[in-house]
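Student: Structure of the sequence below:
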Amino acid sequence: MAYSGNKGLKRIIKAGQYSWQGFRAAYKHEEAFRRGLGLVIAVPLALWLGDNAVEKSMMIGSVLLLLIVELLNSAVEAVVDRTGLELHKLSGRAKDMGSAAVLLAMLNVLVVWVLMLS
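Tutor: Sure, this is the predicted structure:
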């Protein structure tokens, strides 16, 4: 994308609008992201169950990281699909790596929560 010429507060506002569009698109088109949003219930749970600020932030951060990785994986998949629907080993590799990143983020949530609650 070419430089828009926006500076200062206008640039920040535009960036916020684009981010909101990204959240809306992910919610509308990505079932995995919608399921991940279900973990938002974990935020008040973490605030209640965590003993201190570090534990609370680790538990909440692990959930946010999962949502971030899911958004990035969805972005990779959208770009690969936009490029072409024919099967290609590099396209498959990119999608598989994105899926592996989501799996690791899920394992991270599990490990953090189990360690913090044990």
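Student: residue boundaries of the helices in the protein?
Tutor: Ranges of helices within the chain are 8-29, 31-37, 42-49, 53-83, 89-117, based on DSSP state H.
Student: can you put the ones you listed in a markdown table and add mean pLDDT and mean neighbour count?
Tutor: Heads up, the C-betas are built off the backbone N, CA and C, glycines and all. As requested, these are exported to a markdown table (pLDDT from 0 to 100; neighbours: other Cβ atoms under 10 Å):
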| stretch | mean pLDDT | mean neighbour count |
| --- | --- | --- |
| helix 8-29 | 89 | 11 |
| helix 31-37 | 84 | 14 |
| helix 42-49 | 90 | 14 |
| helix 53-83 | 93 | 16 |
| helix 89-117 | 94 | 14 |
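Student: Now Ala26: closest residue in space that isn't a chain neighbour?
Tutor: Nearest residue to Ala26, sequence neighbours excluded (Cβ to Cβ, 6 or more residues apart in numbering): Phe33, at 4.3 Å.
Student: Centre-most residue in the protein?
Tutor: For the chain, Ile68 is the residue whose C-alpha lies nearest the centre (Cα atoms, centre = their mean; 2.0 Å).
Student: check contacts around that one.
Tutor: Ala105 (Cβ atoms under 8 Å, 6 or more residues apart in numbering).
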